[in-house]
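Peer 1: take a look and give me a structure for this.
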Amino acid sequence: MRVLLVGSGGREHALATCLARSPSLTALYAAPGNPGMASVATLVPLKADDVLGLVRFAQEQKIDLIVPGPEAPLVAGLADACAEAGIPCAGPTKAAALLEGSKAFTKDVADAAGIPTARWERFEDEAPAIEFVRRRGAPIVIKADGLAGGKGVVVAQSVDEAEDAIRRLGMPLVIEECLVGEEVSLFAFCSDDKAVLIGAARDHKRLGDGDTGPNTGGMGAISPPPAFGREMQEKALDIMVRPMLAEMVRRGTPFRGVIFAGLMLTTEGPKLIEYNVRFGDPEAQALLIRLQSDLLPILAALAQGNLEHAAAEFSDEHSISLVLAANGYPDAPKKGGRISGIERADAVPGVSVFHAGTKLADGVLVADGGRVLTVCAKAATPEEARKLAYEGASAIQWEDKIFRNDIGL
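Peer 2: Model (predicted):
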């Protein structure tokens with residue numbers, strides 16, 4: 001099979017590594033890709049949201065399957081354009097991708113399907129939103145009602161912080177009650193009203209140790225999460241995913257692709273935080289280093305709506321992904337810093353390093369984004385995996401490197 005992988009982050013590097021192992025693979029292209037992916041894929045200078053350019057390239061290169069990594073091309077209609085061109089795409093249509101493209105849409109679907117979630121209101125004007133948080137008090141959650149790269153959510157601990165978030169994020173907004181509990185990420189392959197469990201991870205969203213600082217796209221993840229085993233994951237699919245799929249079919253916008261359900265395990269049971277319409281980042285990295293199955297035929301079958309052979313096998317090992325970000329992330333990350341030592345990190349047993357925000361400048365690897373690298377490790381115990389990941393991170397030299405010291409604790 002000839003495959004086009006769309007995206008340039010750590011998630012896509014992990015996906016590319018898995019796809020490259022497949023005996024079914026003839027050629028792998030990545031658009032736009034990153035320097036780390038160049039060893040397993042041919043890089044294509046097309047932006048991830050250039051839908052027409054991606055489809056044109058796929059037609060010219062006789063691509064058999066398009067694998068979308070990030071959400072932006074899906075929300076922009078990549079799967080629809082692929083269907084029109086007769087190219088299989090392992091992702092949802094534009095209408096189904098609204099599950100991630102609009103927080104209010106997700107809440108409407110959850111309410112219609114009877115899925116437990118936080119109480120919420122949608123606002124299109126600033127004054128009523130501010131009046132609402134003054135009346136309700138804090139803590140309270142403010143969400144941009146659209147794509148925000150994982151940085152459009154503020155868990156406000158005071159009314160002043162909530163008001164500042166309302167002014168900064170702009171309209172429209174969804175404001176909801178603050179759920180309390182342990183957060184987990186649940187992943188499944190889906191087609192129409194059917195879902196097959198992939199697995200679960202736990203993300204660490206906030207920038208600083210002890211869950212302090214602003215929300216980010218994710219600073220690290222562990223898999224599997226403690227006290228959320230396969231039996232609980234299957235039950236969560238029944239509560240959180242399959243009713244949503246049935247509601248999407250009822251609306252005439254069936255979902256096909258990978259669903260990521262962000263859940264809060266509260267004292268009242270699991271509650272839905274959000275849906276994403278693709279693998280998470282950095283959760284995908286932690287999950288995929290444990291993958292034992294051939295991913296390519298699974299994604300090819302998924303693109304055709306066939307989940308009969310979609311079950312993926314994972315090792316019993318524990319894994320961790322540790323994000324190395326640039327100083328100033330998430331607001332103003334420093335770019336251009338020279339990076340070395342990745343080979344030393346990769347040489348640590350059980351460790352894999354995935355590129356995200358990197359580029360080559362005159363043949364030198366430099367930082368070119370907020371989340372720059374993801375150091376992953378797998379081992380027989382969570383403690384050993386954590387030790388290896390931090391050993392790998394310490395081998396990488398880069399002046400502007402920042403990371404959390406408590407991932408997995």
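
Peer 1: helices along this protein, start to end?
Peer 2: 10-20, 51-60, 72-75, 78-85, 98-101, 103-113, 126-136, 159-169, 230-236, 242-250, 283-288, 295-303, 342-346, 382-395 (DSSP state H).

Peer 1: which elements pack onto the third one?
Peer 2: In this case it means helix 72-75. Helix 72-75 makes packing contacts with helix 98-101 when contacts are defined by 3 or more CB pairs under 8 Å, 6 or more residues apart in numbering; DSSP states H and E. For glycine as for every other residue, the C-beta is placed from the backbone atoms N, C-alpha and C.

Peer 1: other SSEs contacting the helix it packs on?
Peer 2: For helix 98-101, the packing partners by 3+ CB pairs under 8 Å, 6+ apart come out as helix 72-75, helix 103-113, strand 269-276.

Peer 1: ok now that helix, how far from the chain's centre?
Peer 2: When distances are taken as CA atoms, centre = their mean, to the nearest Å, helix 98-101 is centred 13 Å away from the chain's centroid.

Peer 1: can you check stretch 119-137 too?
Peer 2: The mean C-alpha position of stretch 119-137 is separated from the chain mean by 28 Å, CA atoms, centre = their mean.

Peer 1: let's see the distance spanning that stretch from one end to the other.
Peer 2: Using CA to CA, to the nearest Å, the end-to-end distance of stretch 119-137 comes to 14 Å.

Peer 1: now what about that stretch, what contacts it?
Peer 2: Counting by CB atoms under 8 Å, 6 or more residues apart in numbering, stretch 119-137 makes contact with 104, 107, 140, 142, 145, 156, 159, 162-163, 166-167, 171-177, all of which sit outside it.

Peer 1: need the buried ones from the residues you listed selected in PyMOL.
Peer 2: Isolation of the buried members of the contacts of stretch 119-137 (16 or more other CB atoms under 10 Å) is achieved in PyMOL through the command below:
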select buried, resi 104+107+140+142+145+156+159+162+163+166+172+173+174+175+176
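
Peer 1: who's in contact with Glu274?
Peer 2: Taking CB under 8 Å, 6+ apart as the criterion, Glu274 is in contact with Glu100, Lys103, Thr106, Ala261, Gly262.

Peer 1: repeat that with 7 Å
Peer 2: Listed by CB atoms under 7 Å, 6 or more residues apart in numbering, the contact set of Glu274 reads Thr106, Gly262.

Peer 1: from Phe105, how far out is it?
Peer 2: Glu274 sits 11 Å away from Phe105 when distances are taken as CB to CB, to the nearest Å.

Peer 1: same question for Glu177.
Peer 2: Applying CB to CB, one obtains 19 Å for the distance of Glu177 from Phe105.

Peer 1: ok, the residue most central in space within the chain - contacts?
Peer 2: Among the residues of the chain, Gly280 comes closest to the average C-alpha position under CA atoms, centre = their mean, at 1.7 Å. For Gly280, the set of contacting residues under the criterion of CB under 7 Å, 6+ apart consists of Ser185, Asp203, Phe260.

Peer 1: in strands only, show me those.
Peer 2: Mapping the contacts of Gly280 onto strands (DSSP state E) picks out Ser185, Asp203, Phe260.

Peer 1: adding pLDDT, neighbour count and distance to Lys94, write those out as CSV.
Peer 2: Output for those, formatted as CSV (pLDDT from 0 to 100; neighbours: other CB atoms under 10 Å; distance: CB to CB, whole Å):
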residue, pLDDT, neighbour count, distance to Lys94
Ser185, 97, 27, 24
Asp203, 94, 26, 26
Phe260, 97, 25, 18
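
Peer 1: out of the residues you listed, which comes closest to Asp294?
Peer 2: Sorting the ones in strands among the contacts of Gly280 by how near they are to Asp294, with CB to CB, puts Phe260 at the top with 21.6 Å.

Peer 1: what's the burial count for the residue nearest to that closest one when sequence neighbours are not counted?
Peer 2: On the basis of CB to CB, 6 or more residues apart in numbering, the spatially nearest residue to Phe260 that is not a chain neighbour turns out to be Asn276, at 3.9 Å. The number of residues packed near Asn276 is 22, by other CB atoms under 10 Å.

Peer 1: over to Gly170?
Peer 2: By other CB under 10 Å, the burial measure for Gly170, its neighbour count, is 12.

Peer 1: against Ala144, how distant is it?
Peer 2: As for Gly170, its distance to Ala144 is 7 Å (criterion: CB to CB).

Peer 1: stretch 79-90: which residues count as buried?
Peer 2: Across stretch 79-90, burial judged by 16+ other CB under 10 Å covers Ala79, Asp80, Ala81, Cys82, Ile87, Pro88, Cys89, Ala90.

Peer 1: got those residues as TSV, with pLDDT and distance to Ala311 columns?
Peer 2: As requested, the buried residues of stretch 79-90 are exported to TSV (pLDDT from 0 to 100; distance: CB to CB, whole Å):
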residue	pLDDT	distance to Ala311
Ala79	98	23
Asp80	98	28
Ala81	98	30
Cys82	98	25
Ile87	98	25
Pro88	98	20
Cys89	98	21
Ala90	98	16
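
Peer 1: give me the pLDDT for the closest residue to Gly114 other than its chain neighbours.
Peer 2: Closest residue in space to Gly114, ignoring its immediate chain neighbours: Pro243 at 6.1 Å, by CB to CB, 6+ apart. Looking at Pro243, its pLDDT is 98.

Peer 1: what's the answer for Asn215, then?
Peer 2: Asn215 carries a pLDDT score of 87 in this model.
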